[in-house]
Every structure is written in structure tokens, then in C-alpha cells.
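A.B. asks: This is a predicted model, with the sequence first.
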Amino acid sequence: MSLLIILTVVTLLLASCNAFPRGGMSISIPPECQETTNSSLWENFCFARPDGYDEIERNFSDLLPPFMQNHDTERYHDTYSFDETLSPNYKENDNCPFTATWEPVYLYKKPNQTKLDIIVQAKTFPQKLLKVQCKSKAAGGPGVGGKCFTRLGLSGFGTEFECRESIATRSLIIYDPETHTLKRETYPIPVCCSCHVKSL
């Protein structure tokens, strides 16, 4: 009977420890991730590694599957970028230019909310997003809302085209420091910049 009581107490203690929020952790949001203009969904993400993230990484690393803790997957994520010449051939096709780069992501802030999603980012478990953006007008391209397919000669028929970002969803693994658990969240991101009919 006494053994049963001891086992019960130990089980309760373990459950309490696992559910207890991890204290003493603080994260500093980088300046480039603080200001938003609501002009793009990318502004909800922070691609700069924040101060204090090293401590958080140490906390969630033990939650990763054992085969990942000693496996370097960085080589599977090549970094590359597209410029307007690879958009493709947008000048010849009168299409929409864009830029695209693979970037690691660390934080996500939901609009109108103060709580941050801490995205798991480690050498053994890199999570990168292909950051696709319509070429901005300031850089010489039409950007979002810019005219495209103007050479088709359809303006006389009341048809106009504009560059738009197409949106899709991507799932990422995030860390909850309050419960010391990992979970999956789905986020909307721009995946391409293409020409769409504006009016008929």
C-alpha cells in the first residue's frame, strides 16, 4: 500500500513539473521586427534572431526527437534568391517581377495580439520560409497593384491587369514556454507574385 502511495506521489510530481511554466525566460524583439505598416503578411514574422533566443533554444531542444538532436539538416536548405530577371522574363512577358529568398523565421505575432509565437529554429531542425515579395515600385518594378500585361491591348475592352500576391498556408512547429511543449501552427504567407484581371 505504501509503495502505491509513493508511486502516486512521484507521478503527480512529474506531471506538475512538466506542466509548470518555465520561468526566467525573456526575449527581446529586434527593432526591425517591431514596426509594422500592415502592407504585407511578412510583417507578422520576425526573420532576425532575437536576443534571448539561445536560452529558449536550450529549453526546447530536449523536446525534439532523438534522431534530430544529432542530425545536421542545414545542408538540405540551400539559400538562394531570385531577382527580376528570373521572374521569369517579366520584361518580355510584361509580367510581375518578384524577389524570393529562403530565410529562417523565429517569431510570429498575430495581428492585434501581444503574445508571440516562438518558432522552433535550430541547426538540427531548421524551419525556413521562401519569402516571396512582389518587386516594389521603389526598386523599379510594378510591385503590388502595379499594371501588367499592358501589351495585350485589352484596355479598350475595359480589361486591366494588376500584380497581386497569391496567398497559401504553411505549417510550422512552435514552442510554448508556459507548458514546455511543441505544437504545430498554420500561417498564411505570400507564395508568388502574378498578374490578375483587375476589371472587366
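C.D. replies: In hand now; what should we look at?
A.B. asks: Quick check: buried residues in the single longest strand found in the chain?
C.D. replies: Ranked by residue count and defined by DSSP state E, the top strand of the chain is strand 181-199. Neighbour-count burial for strand 181-199, counted by 16 or more other Cβ atoms under 10 Å, picks out 187, 189-195. In this view, the C-beta of every residue, glycine as well, is placed from N, C-alpha and C.
A.B. asks: any idea of the mean pLDDT for stretch 161-176?
C.D. replies: Across stretch 161-176, pLDDT averages out at 91.
A.B. asks: Which strands or helices does the helix or strand where E55 lies pack on?
C.D. replies: Assigned by DSSP states H and E, E55 belongs to helix 53-61. Secondary-structure packing of helix 53-61 (3 or more Cβ pairs under 8 Å, 6 or more residues apart in numbering; DSSP states H and E): strand 160-176.
A.B. asks: Once you drop chain neighbours, what's closest to S26?
C.D. replies: G52 (5.3 Å; Cβ to Cβ, 6 or more residues apart in numbering).
A.B. asks: and what of E43?
C.D. replies: The spatially closest residue to E43, leaving aside those adjacent along the chain, is T36, at 4.4 Å (Cβ to Cβ, 6+ apart).
A.B. asks: what does C192 give?
C.D. replies: Leaving out its chain neighbours, the residue that sits closest to C192 by Cβ to Cβ, 6+ apart is S166, at 4.8 Å.
A.B. asks: How much space separates that neighbour from V197?
C.D. replies: Separation of S166 from V197 (Cβ to Cβ, to the nearest Å): 14 Å.
A.B. asks: can you check K123 too?
C.D. replies: 45 Å.
A.B. asks: do V191 as well
C.D. replies: 19 Å.
A.B. asks: just E43 next, same as before
C.D. replies: Per Cβ to Cβ, E43 is found 27 Å from V197.
A.B. asks: One more: K110?
C.D. replies: 32 Å.
A.B. asks: got it, and N95?
C.D. replies: 14 Å.
A.B. asks: now the protein, which segments are flagged as low pLDDT?
C.D. replies: 1-25, 37, 67-94, 136-142, 155-156, 199-200 (pLDDT under 70).
A.B. asks: try 80
C.D. replies: 1-26, 35-39, 65-95, 97, 111-114, 135-147, 149-160, 198-200 (pLDDT under 80).
A.B. asks: What are the phi and psi values at Q121?
C.D. replies: Note on Q121: backbone dihedrals following degrees, to the nearest 10 are phi -140, psi 110.
A.B. asks: Tally up the residues packed near it, please.
C.D. replies: Residues contacting Q121 under the criterion other Cβ atoms under 10 Å number 21.
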